[in-house]
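Peer 1: Prediction below, plus the sequence it came from.
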Amino acid sequence: LLIHSDYFSPMKPRIRVFTNRIEFENPGSLPLPVEELIKFDESLPRNPVLAKFFRVAKLCESGGYGFDKMLEWKKQTGNDVQFESSIGRTKFTFMIDTTNVIFENERNVDESGIETGKQSENNQKNDKESVEKNEKTDKKTDKKTDKKNEKTDKKILSIMQDNPFITILQLSEIIGVSKSAINQQIIKLRKNTIIHREGADKGGKWIIINQNNN
């Protein structure tokens, strides 16, 4: 991943672990088609200096056996390895067999060899409780956010009423929130036909159409 990454790209190399696969994604394309690299064992590192450091540290070799090592995953686990390469990125996906994990969770055999099934029931109960707890937390957070935005809206309208020529930067400094937060509230107020901008961005003024709608 590090040796073959294109460090001039704004994209960063990353490893992502999912329940059914592990993805290794890199900026930059492969130097040759996958079929040729597998067939001829070509060693073509994008960053040869990094490759040299890895060889000195005994973490890689110069024989071009990278694909052979990756394909060992399928030999040892029976799960597929998928290779994708385009102009901008390369992704290798190692599939994971989740059958055993699911089976163990559902089965839960005790020391005497009797299937209890309690762990599966407990897991389902815990999952349900966790979802319900998260939903309640989300609702509380949404209510707090709505109240906060409502207060910000009222402050914006009050300040605009006193000074129709005020700028977003000045509103941000007076109210004590970011420019982006002020801008989002203004977009909402304009969408709800509560305020209107008359004139250019520079030198124009704010017109309050209907303050009671807020």
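Peer 2: All right, it came through fine.
Peer 1: where does this protein have low pLDDT?
Peer 2: 41-42, 62-65, 98-149, 211-214 (pLDDT under 70).
Peer 1: quick one, helices of it?
Peer 2: With DSSP state H as the criterion, the chain has helices at 34-40, 48-56, 66-77, 99-107, 118-162, 168-175, 179-191.
Peer 1: residues in contact with stretch 87-94?
Peer 2: 4, 9, 11, 21-30, 70, 73, 79, 81-85 (C-beta atoms under 8 Å, 6 or more residues apart in numbering). No exception for glycine: its C-beta is placed from N, CA and C like everyone else's.
Peer 1: Kindly recompute the last result at 7 Å.
Peer 2: 11, 21-30, 70, 73, 81-84 (C-beta atoms under 7 Å, 6 or more residues apart in numbering).
Peer 1: Make a ChimeraX selection of whichever of those turn out to be buried.
Peer 2: In ChimeraX, this line selects whichever of these come out buried by 16 or more other C-beta atoms under 10 Å:
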select :21,25,26,27,28,30,73,81,83
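Peer 1: taking the contacts of stretch 87-94 one by one, which sit in strands?
Peer 2: Counted as lying in strands by DSSP state E, out of the contacts of stretch 87-94, are 21-27, 81-84.
Peer 1: quick one: which of those is nearest residue 196?
Peer 2: Nearest to residue 196, judged by C-beta to C-beta, of the ones in strands among the contacts of stretch 87-94 is residue 27 at 45.5 Å.
Peer 1: so what's the residue most central in space within the chain up against?
Peer 2: In the chain, the centroid-proximal residue (C-alpha atoms, centre = their mean) is residue 16; its distance is 10.1 Å. Going by C-beta under 7 Å, 6+ apart, residue 16 touches residue 23.
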